[in-house]
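A predicted structure for the sequence below; I have some questions about it.
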There are 2 protein chains.
Amino acid sequence: MKAAYQKEGLLIVVSGPSGVGKGTVCSALRKRMPELTYSVSATTRAPREGEKEGVNYFFKTVPEFKKMIENDELIEWAQYVGNYYGTPRRFVEETLKEGKDILLEIEVQGALQVKQRFPDGIFVFLLPPTMEELKKRILYRGTETEESLASRLGVAEDEFKHIHHYDYVVINDVVEQACERIQAIITAEHCRKDRLILSD
Amino acid sequence: MKAAYQKEGLLIVVSGPSGVGKGTVCSALRKRMPELTYSVSATTRAPREGEKEGVNYFFKTVPEFKKMIENDELIEWAQYVGNYYGTPRRFVEETLKEGKDILLEIEVQGALQVKQRFPDGIFVFLLPPTMEELKKRILYRGTETEESLASRLGVAEDEFKHIHHYDYVVINDVVEQACERIQAIITAEHCRKDRLILSD
């Protein structure tokens, strides 16, 4: 008898309302878990200074992006402020087959699309400790008008209703603690009984 | 809206075949997680030097122990080498109500009894990396004859068949790594969606 954990990697989706701190938490997580692969999104928005093809994004023209949608090359996609954003399927599938875990940092709508295609993925909803705190974080960015703040908070309230589609909820009170929780979730998921392989 | 994790503690059961290293792992875990409460067993065996009532065991006479069984005061019990061992219900239930996690280190048969009463508990099966390794660990204790070794390995093989009743499997290759995995499982379980409480 020999016991080992399954070789295939885990797909981890970290999602949550805009302003909750997905980017901050995932950046901190990247330092903490360099062994984790991060999915690179495709986008039609122009590269900003310093952004590199294949590192920050795969930069695409609108026709190229539309072709990717048609060819089912994206596991989720959406349009924000006139630009397309999406997650290329091939990179995700190849990483998983190599036995590496891959992390997707995406919006709630995108996460729900991914869940339909990867029901075995691990879905983590990042939650602000309070609505007040979410409001503060959005205002802190300084890019919102009264009106757009109200609209963002309204969207967040709607997104909370999808929590039941997720496996875990991580309250983002302190960034380092949120990271620790996500890291623990990944370690624990690898130990699930279903992922054990017993051979002779 | 305010988000918080459920206050009730978690019942964590660490179990596995004799010789796998439950005691060693749980001792190391105790140093690592002093915030975790450890269940104290009741037993009819005589106290060894240095053992303290209520710390190492609750020492009972045979009639006292039998009375506890009758009164349903034990959530699991068994007889080994002529002595009774069991887990008192009250201490477990009170600890959980106080919102503290409690860890039970018990044999496989006992764990299956606990599962019937606490189906929401978290059941961790500690597994040796190989049967050869388990054999080595049992022999290392130096207390076994050829015959009793064969019988212990036979029991272990039977116990492996109960793995599917457990939630997690932790391979005890390196003690510190096994501890890390159990700690991660506890942290992750606290983050499960079902344990979230959203209030207004």
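Received, thanks.

near chain B, which residues of chain A?
Contact residues (CB under 8 Å from any CB of the partner chain) of chain A with chain B: A:1-5, A:124-125, A:127-131, A:157, A:160, A:163-164, A:166-171, A:180-181, A:183-185, A:187-189, A:191-193, A:196, A:198. C-beta here means a position set from N, CA and C on the backbone, and glycine is covered the same way.

any of these buried? List them.
With burial judged by 16 or more other CB atoms under 10 Å in any protein chain shown, the buried subset of the residues of chain A next to chain B is A:1, A:3, A:124-125, A:127-129, A:131, A:160, A:163, A:166-171, A:180-181, A:183-185, A:187-189, A:191-192, A:196.

in strands, which of the residues of chain A next to chain B appear?
A:2-5, A:124-125, A:127, A:168-171, A:196, A:198 (DSSP state E).

ok, which pair from the residues you listed is furthest apart?
A:Lys2 and A:Leu127 (40.6 Å; CB to CB).

so which bits of the helix or strand encompassing A:Glu133 are buried?
Per DSSP states H and E: A:Glu133 is located in helix A:131-141. The neighbour-count check on helix A:131-141 (16+ other CB under 10 Å) flags A:131, A:133-135, A:137-138 as buried.

in CSV: those residues, plus pLDDT and distance to B:Pro17.
Listed next are the buried residues of helix A:131-141 as CSV, based on pLDDT from 0 to 100; distance: CB to CB, whole Å:
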residue, pLDDT, distance to B:Pro17
A:Met131, 84, 50
A:Glu133, 86, 48
A:Leu134, 86, 49
A:Lys135, 85, 54
A:Arg137, 82, 50
A:Ile138, 80, 54
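
let's have those residues in JSON lines, adding distance to B:Thr44.
Converted to JSON lines, the buried residues of helix A:131-141 look like this (distance: CB to CB, whole Å):
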{"residue": "A:Met131", "distance to B:Thr44": "56"}
{"residue": "A:Glu133", "distance to B:Thr44": "55"}
{"residue": "A:Leu134", "distance to B:Thr44": "57"}
{"residue": "A:Lys135", "distance to B:Thr44": "61"}
{"residue": "A:Arg137", "distance to B:Thr44": "59"}
{"residue": "A:Ile138", "distance to B:Thr44": "63"}
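
list the contacts for the most centrally placed residue in chain A?
By CA atoms, centre = their mean, chain A has its centre lying nearest to A:Glu105, at 2.0 Å. When contacts are counted by CB atoms under 8 Å, 6 or more residues apart in numbering or on different chains, A:Glu105 touches A:14-15, A:22-23, A:26, A:38-39.

can I get those in JSON lines with secondary structure?
What follows is the contacts of A:Glu105, written out as JSON lines (DSSP: H, G, I helix; E, B strand; the rest coil):
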{"residue": "A:Val14", "secondary structure": "strand"}
{"residue": "A:Ser15", "secondary structure": "strand"}
{"residue": "A:Lys22", "secondary structure": "helix"}
{"residue": "A:Gly23", "secondary structure": "helix"}
{"residue": "A:Cys26", "secondary structure": "helix"}
{"residue": "A:Tyr38", "secondary structure": "strand"}
{"residue": "A:Ser39", "secondary structure": "coil"}
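
of the residues you listed, buried ones?
Neighbour-count burial (16+ other CB under 10 Å) is assigned, among the contacts of A:Glu105, to A:14-15, A:22, A:26, A:38-39.

of the residues you listed, closest to B:Gly9?
Nearest to B:Gly9 among the buried ones among the contacts of A:Glu105 is A:Val14, at 27.0 Å by CB to CB.

which among the buried ones among the contacts of A:Glu105 gets closest to B:Glu147?
Taking CB to CB as the measure, B:Glu147 sits nearest to A:Val14 out of the buried ones among the contacts of A:Glu105, at 54.4 Å.

does that closest one touch A:Leu104 like I think?
Yes - using CB atoms under 8 Å, A:Val14 is in contact with A:Leu104, at 7.1 Å.

for A:Ile122, which non-adjacent residue is spatially closest?
The shortest distance from A:Ile122 to any non-neighbouring residue, by CB to CB, 6 or more residues apart in numbering or on different chains, is to A:Ile12 (4.9 Å).

how far away is the residue nearest to the centre of chain A from B:Met1?
A:Glu105 is 23 Å from B:Met1, where distance means CB to CB, to the nearest Å.

and what of A:Phe160?
Using CB to CB, A:Phe160 is found at 7 Å from B:Met1.

who touches both of the two?
Counting by CB under 8 Å, 6+ apart, the common neighbours of A:Phe160 and B:Met1 are B:Leu198.

can you give the domain ranges for chain A?
Per the record, chain A has its domains at A:1-36+A:101-200, A:40-100, by automatic domain parsing.

which of those domains has the lowest mean pLDDT?
Averaged per stretch, pLDDT over the domains of chain A is lowest on domain A:1-36+A:101-200, reaching a mean of 90.

report the distance from that domain to the chain centre.
Averaging C-alpha positions (CA atoms, centre = their mean, to the nearest Å) puts domain A:1-36+A:101-200 6 Å from its chain's average.

gap between the two ends of that domain?
End-to-end span of domain A:1-36+A:101-200 (CA to CA, to the nearest Å): 4 Å.

over to stretch A:35-55?
One end of stretch A:35-55 sits 16 Å from the other (CA to CA).

kindly report the same for stretch A:112-129.
Start and end residues of stretch A:112-129 are separated by 22 Å (CA to CA).

likewise for stretch A:44-61?
End-to-end distance of stretch A:44-61 (CA to CA): 5 Å.
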